[in-house]
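Engineer: okay, here's the prediction I keep looking at, along with the sequence it came from:
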Amino acid sequence: MRNGFIIHSREKFELDFYKLTDRVREEVAKELTVCCCDEDHIMIGDRKVECSFPRLHIHNTSEVKKFTIIKRFIPDPRTDTYCIVGLLSEDDNIDISNLNTVHFLKRGD
C-alpha cells in the first residue's frame with residue numbers, strides 16, 4: 001500500500017491497537033535507515049522485514065511526520081485474512097475502501 005503498510009493474519013487475536021501505535025511511533029522516532037534488501041524484504045535499521053513492495057519506501061524513519069494504525073482488524077476477503085493497517089496520517093477513521101487513490105490524492109504532505 002502506498003503511504004502505509006498492511007500486515008496480514010489468518011486469525012484475529014487480542015491486540016491493543018493504541019499500544020501498537022505508540023510502539024511504532026517510538027521506533028519511528030529512532031530515525032532508522034530504511035532500504036531495499038531484496039525483492040521480498042526491506043531493512044529498517046538492522047532488522048530485515050518482509051515486504052511485498054520494497055521499492056516504495058522512505059530512506060529514513062525521520063521522514064515520517066504523521067502515523068496511525070486503524071484501531072480494528074480489517075477483513076480482506078481476497079486473501080481470507082485480517083489486516084492490521086498502518087497509515088502515514090493522524091486520522092484513524094479513514095474510509096479504507098480505496099486508500100491507494102482517494103485518500104492519498106486528498107491528503108497533504
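Structural biologist: Done, it's in.
Engineer: in this protein, which helix is the longest?
Structural biologist: What stands out as the longest helix in the chain, according to DSSP state H, is helix 17-28.
Engineer: what sits up against the next helix or strand after that helix?
Structural biologist: Counting by DSSP states H and E, the next helix or strand C-terminal to helix 17-28 is strand 34-38. Strand 34-38 is contacted from outside by Ile42, Met43, Ile44, Lys48, Pro54, Arg55, His57, Ile58, His59, Asn60, Thr61, using C-beta atoms under 8 Å, 6 or more residues apart in numbering. Where C-beta positions appear, they are placed from N, C-alpha and C, glycine not excepted.
Engineer: so the first one makes contact with Cys51?
Structural biologist: Yes. Counting by C-beta atoms under 8 Å, Cys51 is a contact partner of Ile42 at 4.6 Å.
Engineer: quick check: neighbours shared by the two?
Structural biologist: Common contact partners of Ile42 and Cys51 (C-beta under 8 Å, 6+ apart): His57.
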